[in-house]
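Visitor: Dropping the sequence and predicted coords here.
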Amino acid sequence: MKLVIDANIPAADQCFEPFGTLQRLSGREIRPVDVADADALIVRSITQVNQVLLAKSPVRFVGTCTIGTDHIDHALLNERGIGFASAPGCNADAVVDYVLSSLLLVSEREGWSLLTRTVGIVGAGNVGGRLQQRLQALGVATLVCDPPKEEATGALGEFFSLDTLIERCDVLCLHTPLVKDGPHTTYQLLNAERINDLAPGAVLLNAGRGDCIDGLALRSRLAGKGDITAILDVWEDEPEIDAGLRDLVALATPHIAGHSLDGKLRGTWMIQQAFAEHIGQPSPLRFSELCPLPALAELTLQQALPVEDALRLCVRAVYDVRRDHDMLQRHVFHQGIKKGFDDCRSNYPLRREFATLRVLLENDATVLEAPLLAAGFQVQCA
Ligand SMILES: NC(=O)C1=CN([C@@H]2O[C@H](COP(=O)(O)OP(=O)(O)OC[C@H]3O[C@@H](n4cnc5c(N)ncnc54)[C@H](O)[C@@H]3O)[C@@H](O)[C@H]2O)C=CC1
Ligand SMILES: O=C(O)C(=O)[C@H](O)COP(=O)(O)O
């Protein structure tokens, strides 16, 4: 059996070699000829799996080690009876870590407290739902907009319209998939009118998909009034993103919000499980066998600190978003936008999730137990 696999999928050898011969290729460069004799195709988000790629391919299974599936032509796979699996939730905690690291940074730069703000969450699935849980546990007020979920659950009163979020929230976080058809499209969900409606001082963060925001309109608001703060991890036209917009946002990262090692390995493992089931073979590999110990396992706080100072300290010990912002600046400076953007992603440095750090609290630092737990760390009081 031949499996064509994106070269950027960690632990692919360990997970998929038991099933056949692997061909590892750069995700943006997988061509029809590469899958002309393949039985399975395992990708990440950058490979367009469509009629052009699969026209002459005998592929019987497609797996994407990602949450998002907008790069997959689902109708085509259904029509041809090709098995499919994605990895829902695999890197959701990494994205929430990214959001917290970003918001704690801009709040410090701009001199406001995250704990007293209202955060609007657009899309309350695995990412948005976990973000809401962590923020609520920290005591941060949240409002959620998720019309499909509102309709499905009938939980009236728990959800708000996007326009209400824009009116009432200080921070707006987008965690929607890219949906181009149907009653709840997300393509340019934040259009020019809504961008214009954002109050001065508002913070807008997008870690869903780039096409959910009208980038030109955002650029013109930032270049014109310049009175809002934008944090973008995802962009229109990746990897050839708008250089002008990148220069104007407070934090610009190359679609890496979900790129923790834990999240990527979880994605690989989930697709390995799905593939084994698809071909009717057992899969004895446990997730814990794939995940190495973190370099930084423990940190001790011996005295109490203001809550946000303690959060910043622990967050930055595990994941400081400035590293990724600076990395994009550097790579783009040396290599230009397109190559720089992709090189950051393919050579992404090691990153672990907050949950891999145990924070030991001694003396009066034990008052920090609840907020550190809420943020996602393991906590132990002496
Ligand atoms: N930046 C990054 O590295 C990453 C980005 N993502 C993106 O984030 C998206 C969300 O991830 P999950 O929460 O795990 O997906 P999910 O499928 O669990 O949740 C998505 C939620 O968005 C809601 N939604 C759909 N249309 C909406 C609309 N018009 N308005 C408001 N809400 C709407 C859905 O009802 C659902 O509850 C993924 O589809 C992917 O595109 C995911 C992981 C990493
Ligand atoms: O899971 C998703 O959906 C994502 O957006 C991924 O984190 C993106 O990963 P890559 O495909 O960019 O490696």
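Guide: Ah, there it is. Ligands and ions are numbered 1, 2, ... in the order given.
Visitor: any idea how far the closest residue to ligand 1 within the chain is from Arg323?
Guide: Distances between the chain and ligand 1 by CB to the nearest ligand atom are smallest at Gly125, namely 1.6 Å. C-beta here means a position set from N, CA and C on the backbone, and glycine is covered the same way. Going from Gly125 to Arg323 by CB to CB, to the nearest Å gives 27 Å.
Visitor: Settle it for me: which of these two has more neighbours?
Guide: Higher neighbour count among Gly125 and Arg323: Gly125, with 18 against 13, using other CB atoms under 10 Å.
Visitor: Tell me the spatial nearest neighbour of that one, not counting adjacent residues.
Guide: Of all residues not flanking Gly125 in the chain, His175 sits nearest, at 6.9 Å (CB to CB, 6 or more residues apart in numbering).
Visitor: distance of that neighbour from ligand 2?
Guide: 10 Å (CB to the nearest ligand atom, to the nearest Å).
Visitor: That residue - how many residues pack around it?
Guide: There are 29 residues near His175, going by other CB under 10 Å.
Visitor: Over to the one 5 residues further on?
Guide: Lys180 sits with 9 neighbouring residues when counted by other CB under 10 Å.
Visitor: Roughly how far does the residue of the stretch 251-382 of the chain found nearest ligand 2 sit from Leu328?
Guide: Nearest to ligand 2, among the residues of the stretch 251-382 of the chain, is Gly258, at 3.1 Å (CB to the nearest ligand atom). Distance, Gly258 to Leu328, by CB to CB: 16 Å.
Visitor: Point out the residues in the protein that sit beside ligand 1.
Guide: 67-68, 88-89, 91-92, 95, 122-128, 145-149, 175-177, 179, 184, 186, 189, 207-209, 233-234, 255, 257-258 (CB under 6 Å from any ligand atom).
Visitor: Please flag which of those residues sit within helices.
Guide: Mapping the residues of the chain next to ligand 1 onto helices (DSSP state H) picks out Ala92, Val95, Asn126, Val127, Gly128, Pro147, Pro148, Lys149.
Visitor: how about the helices in the stretch 1-150 of the chain?
Guide: Here the stretch 1-150 of the chain has its helices, by DSSP state H, counting those that start in this stretch, at 12-16, 51-54, 74-79, 92-110, 126-138, 147-153.
Visitor: Ala276 contacts Trp269, doesn't it?
Guide: No. Judged on CB atoms under 8 Å, Ala276 makes no contact with Trp269 at a distance of 10.6 Å.
Visitor: Between these two, which is the more surrounded one?
Guide: The residue with more neighbours, out of Ala276 and Trp269, is Trp269; 24 against 18, by other CB under 10 Å.
Visitor: Which strand or helix spans the more buried one?
Guide: With elements taken from DSSP states H and E, the one containing Trp269 is helix 261-278.
Visitor: Just name whatever secondary elements that helix is in contact with.
Guide: helix 12-16, strand 40-43, strand 61-64, strand 83-85, helix 92-110, helix 287-290 (3 or more CB pairs under 8 Å, 6 or more residues apart in numbering; DSSP states H and E).
Visitor: Let's have those in CSV, adding mean neighbour count, distance to Ala243 and mean pLDDT.
Guide: Below are the helices and strands packed on helix 261-278 laid out as CSV (neighbours: other CB atoms under 10 Å; distance: least, CB to CB, whole Å; pLDDT from 0 to 100):
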stretch, mean neighbour count, distance to Ala243, mean pLDDT
helix 12-16, 19, 33, 97
strand 40-43, 25, 28, 98
strand 61-64, 25, 29, 98
strand 83-85, 17, 36, 98
helix 92-110, 22, 21, 98
helix 287-290, 12, 37, 94
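Visitor: Can I get the ones you listed in JSON lines including distance to Ala217?
Guide: As requested, these are exported to JSON lines (distance: least, CB to CB, whole Å):
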{"stretch": "helix 12-16", "distance to Ala217": "39"}
{"stretch": "strand 40-43", "distance to Ala217": "31"}
{"stretch": "strand 61-64", "distance to Ala217": "30"}
{"stretch": "strand 83-85", "distance to Ala217": "35"}
{"stretch": "helix 92-110", "distance to Ala217": "21"}
{"stretch": "helix 287-290", "distance to Ala217": "42"}
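Visitor: residues touching the residue of the stretch 251-382 of the chain closest to ligand 2, list them.
Guide: Listed by CB atoms under 8 Å, 6 or more residues apart in numbering, the contact set of Gly258 reads Thr66, Ile67, Cys90, Asn91, Ala92, Ala94, Val95, Tyr98, Ala207.
Visitor: ok, now with 10 Å
Guide: 45, 66-68, 90-98, 127, 207, 233, 264, 267 (CB atoms under 10 Å, 6 or more residues apart in numbering).
Visitor: Quick check: the spatially closest residue to it that is not a sequence neighbour vs Gln136, distance?
Guide: Spatial nearest neighbour of Gly258, chain neighbours left out: Asn91 (3.3 Å); criterion: CB to CB, 6+ apart. Asn91 is 21 Å from Gln136, where distance means CB to CB.
Visitor: what do you get for Ala382?
Guide: Remark: distance between Ala382 and Gln136 (CB to CB) = 28 Å.
Visitor: Those two: who's more crowded?
Guide: Gln136 (13 against 10).
Visitor: wait, the more buried one sits on Ala375?
Guide: No. The criterion here is CB atoms under 10 Å, and Gln136 misses it with Ala375 at 11.9 Å.
Visitor: Now do the helices in the stretch 251-382 of the chain.
Guide: Along the stretch 251-382 of the chain, the segments classed as helices by DSSP H, counting those that start in this stretch run 261-278, 287-290, 307-318, 321-335, 337-346, 369-375.
Visitor: Give me whichever of the ones you listed is most buried.
Guide: Stretch with highest mean neighbour count among the helices of the stretch 251-382 of the chain: helix 261-278 (a mean of 22; mean count of other CB atoms under 10 Å).
Visitor: buried stuff in stretch 154-169?
Guide: Residues of stretch 154-169 classed as buried by neighbour count (16 or more other CB atoms under 10 Å): Phe159, Phe160, Leu162, Leu165, Ile166, Cys169.
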